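>>> sequence and predicted structure are below.
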Amino acid sequence: MGKTTLSDIVGPEYTKLGFFREVQDKMAELETYNAELERKKQEIQDILNGIMDLLAVVSPDYRIVYVNRVFKNYFDIPHPEGLFCYQVFRGAPEPCPVCPLRKALQTGKPDKSAYIDHRPDRSLHFEVVASPMFDDKGQVRNVLVSKRDVTMEKEYQAKYYQSEKMATIGLLAAGVAHEINNPLAAISGFSEALKRRLPYLSTLLDKDTEKDLLEDFTDYTTTILEECNRCRDIVGNLLSFSSQKSCKFDTIDLNSLVAGTLKILHHQIKLHPGITLLQDLGPGPVTIQGAQGELKQVLLNLVLNAVDAIDSNGTITIRTSQDSSERAALIVEDTGQGIRSETLDKLFIPFFTTKTKGHSIGIGLSICYNIIKMHGGEIHVCSEPGKGSVFRVMLPTGFSATNKEQPT
């Protein structure tokens with residue numbers, strides 16, 4: 001006789017009913033467990049997608065298992081899973097010579113490296129950290145690769161160093177300008193002395209045979225004095241421009257400011273024979289209260305930007321006007337390539353530039369903006385691609401007692 005079973009005691013119908021009830025309970029438990037797993041999975045997914053660094057889980061054979069949402073910001077590959085990491089990230093046919101992932105696999109410890117991703121539009125700088133992921137037996141199952149985009153940090157660092165270098169050059173220029181003053185004063189002094197002796201020299205020379213010699217001496221001394229005065233003005237403008245002290249607001253004639261600034265730019269304009277520089281200055285003095293060195297810097301930046309905007313031939317026009325008793329205008333207009341509408345609002349953002357790499361660090365217009373704001377003024381830009389640009393600086397003619405001296 002066989003062993004008595006539960007089915008023999010309670011009957012097969014009740015046994016089946018209990019079995020199905022138990023199965024239903026187990027299924028409910030499994031559904032709850034799966035829902036909890038799905039919730040935790042989604043939570044982890046949201047956390048990974050919320051991280052601003054590019055994350056990728058890579059298998060020991062260099063195949064990508066998972067990437068977070070940031071991946072799509074840098075790579076136009078809809079489904080990178082299953083592809084080799086060196087193909088996706090570096091465009092290389094084989095593993096990279098210096099690979100933090102391989103080192104993490106070999107040592108079982110995180111490894112860090114950096115590389116530059118050269119692209120047609122720009123170069124991206126990445127810091128890469130490869131962290132091993134272990135299974136329950138302590139073996140490396142996968143590697144979590146974190147790629148941080150440090151392009152902005154590198155660019156800011158390079159621009160900071162460039163700014164420091166330019167500041168150093170400014171100090172050197174000021175020192176050279178001071179040193180030039182001494183021999184320049186001697187040349188000017190001796191030239192003046194020679195000019196004073198020319199009348200006496202004329203009495204010693206034969207008026208018929210040596211007339212040409214006297215005229216040559218007169219022309220030479222006059223030219224030397226004119227050039228000395230021009231150099232003196234340039235040196236004075238350089239010293240005023242490179243001054244790092246707190247700027248003092250004085251009465252300034254914008255017409256004189258334009259003339260002094262153009263003397264500094266004289267050589268730069270000569271390097272572009274196709275550019276014509278025009279002046280349309282107010283009929284009388286256009287006076288404002290401001291810091292001369294700072295406003296010269298504004299005009300220098302605007303004119304140099306206009307030079308860069310003209311490909312080969314074009315015109316730059318500088319205008320001044322006394323719009324009212326309270327406001328004066330300084331306008332720089334060029335017939336260059338113009339500015340796209342989508343970049344007009346970004347022109348005064350620090351380190352933003354529309355110029356090619358190596359031609360600008362993108363701080364000139366932002367400095368102009370700050371200087372003009374310091375003077376209580378405004379700057380407006382009108383431009384269309386192919387139709388040139390107009391930069392209009394509006395400056396108050398007076399200032400309150402609280403801003404008579406401002407830090408640069």
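Looks like it came in fine.
>>> so where do the strands sit in the chain?
Remark: strands assigned in the chain by DSSP state E are 54-58, 64-67, 111-118, 123-134, 140-149, 247-248, 250-253, 275-280, 287-290, 314-321, 327-334, 378-383, 389-396, 405-406.
>>> to I367, which of those strands lies closest?
Among the strands of the chain, strand 378-383 comes nearest to I367, with 11.5 Å by Cβ to Cβ. All C-beta atoms are positioned from the backbone trio N, CA, C, and that covers glycine.
>>> lowest-confidence helix or strand of the chain?
The helix or strand with the lowest mean pLDDT-type score in the chain, counting by mean pLDDT, DSSP states H and E, is strand 405-406 (a mean of 46).
>>> circling back: could I get the strands of the chain in a markdown table, plus columns for mean neighbour count and distance to I180?
Listed next are those as a markdown table, based on neighbours: other Cβ atoms under 10 Å; distance: least, Cβ to Cβ, whole Å:
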| stretch | mean neighbour count | distance to I180 |
| --- | --- | --- |
| strand 54-58 | 22 | 54 |
| strand 64-67 | 19 | 61 |
| strand 111-118 | 14 | 43 |
| strand 123-134 | 17 | 41 |
| strand 140-149 | 19 | 47 |
| strand 247-248 | 16 | 24 |
| strand 250-253 | 16 | 25 |
| strand 275-280 | 14 | 25 |
| strand 287-290 | 22 | 27 |
| strand 314-321 | 19 | 27 |
| strand 327-334 | 20 | 29 |
| strand 378-383 | 16 | 34 |
| strand 389-396 | 20 | 31 |
| strand 405-406 | 14 | 29 |
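>>> could I get those strands as a markdown table with distance to K103?
Listed next are these as a markdown table, based on distance: least, Cβ to Cβ, whole Å:
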| stretch | distance to K103 |
| --- | --- |
| strand 54-58 | 13 |
| strand 64-67 | 18 |
| strand 111-118 | 4 |
| strand 123-134 | 7 |
| strand 140-149 | 10 |
| strand 247-248 | 55 |
| strand 250-253 | 63 |
| strand 275-280 | 56 |
| strand 287-290 | 60 |
| strand 314-321 | 56 |
| strand 327-334 | 55 |
| strand 378-383 | 52 |
| strand 389-396 | 52 |
| strand 405-406 | 55 |
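>>> so which of the ones you listed comes closest to G82?
It's strand 64-67; of the strands of the chain, that one is closest to G82 (Cβ to Cβ) at 6.8 Å.
>>> put the alpha carbons of the closest one into CSV.
Taking C-alpha atoms only, strand 64-67 is exported to CSV below (Å, rounded to 0.1, in the frame of the first residue of the first chain):
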residue,chain,number,x,y,z
ILE,A,64,30.4,49.3,-24.2
VAL,A,65,27.7,47.9,-22.0
TYR,A,66,25.9,51.1,-21.0
VAL,A,67,26.2,54.9,-21.4
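>>> who's the residue lying closest to G398 once chain neighbours are set aside bridged to?
Excluding its sequence neighbours, the residue lying closest to G398 (Cβ to Cβ, 6 or more residues apart in numbering) is Q289, at 5.6 Å. Counting by DSSP bridges, Q289 is bridged to T251.
>>> pull up the gap between Q289 and M27, please.
The gap separating Q289 from M27 is 85 Å, by Cβ to Cβ, to the nearest Å.
>>> before we move on, what about A259?
92 Å.
>>> the more surrounded of these two?
Using other Cβ atoms under 10 Å, the more surrounded residue of A259 and M27 is A259, with 14 against 10.
>>> out of the strands of the chain, which is closest to H178?
Nearest of these to H178, taken as Cβ to Cβ: strand 247-248 at 19.4 Å.
>>> for that closest one, what is the average pLDDT?
Mean pLDDT, strand 247-248: 66.
>>> also stretch 199-212?
77.
>>> contacts for that stretch?
By Cβ atoms under 8 Å, 6 or more residues apart in numbering, the residues outside stretch 199-212 that reach it are 213-214, 217.
>>> residues near the nearest residue to S256 once chain neighbours are set aside, how many?
Excluding the flanking residues, the one nearest S256 by Cβ to Cβ, 6+ apart is P285, at 7.9 Å. P285: 14 surrounding residues under other Cβ under 10 Å.
>>> where are the low-confidence patches of the stretch 301-408 of the chain?
For the stretch 301-408 of the chain, applying pLDDT under 70 flags the ranges 346, 349-364, 399-408.
>>> the protein: helices as residue ranges?
Using DSSP state H, the helices of the chain run over residues 6-10, 12-50, 71-74, 85-90, 100-107, 151-204, 211-242, 254-270, 292-309, 341-344, 364-374.
>>> quick one on the thing from earlier: so what's the residue nearest to S256 up against?
With Cβ under 8 Å, 6+ apart, P285 has these contacts: 253, 255-256.
>>> could you chop the protein up by domain?
11-48, 52-149, 167-244, 246-408 (automatic domain parsing).
>>> for Y160, which of those is the nearest?
With Cβ to Cβ as the yardstick, what comes closest out of the domains of the chain is domain 246-408 (9.3 Å).
>>> centre of the chain to the closest one, how far?
Computed by Cα atoms, centre = their mean, to the nearest Å, the separation of domain 246-408 from the middle of its chain amounts to 19 Å.
>>> thought A328 was touching E378?
No - between A328 and E378 there is no contact under Cβ atoms under 8 Å: 11.8 Å.
>>> what do these two both touch?
Residues touching both A328 and E378 (Cβ under 8 Å, 6+ apart): M394.
>>> just the buried ones out of the contacts of stretch 199-212, please.
Buried members of the contacts of stretch 199-212, counted by 16 or more other Cβ atoms under 10 Å: 214, 217.
>>> okay, the contacts of stretch 199-212 in JSON lines with distance to R119 next?
As requested, the contacts of stretch 199-212 are arranged in JSON lines below (distance: Cβ to Cβ, whole Å):
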{"residue": "L213", "distance to R119": "69"}
{"residue": "L214", "distance to R119": "70"}
{"residue": "F217", "distance to R119": "66"}
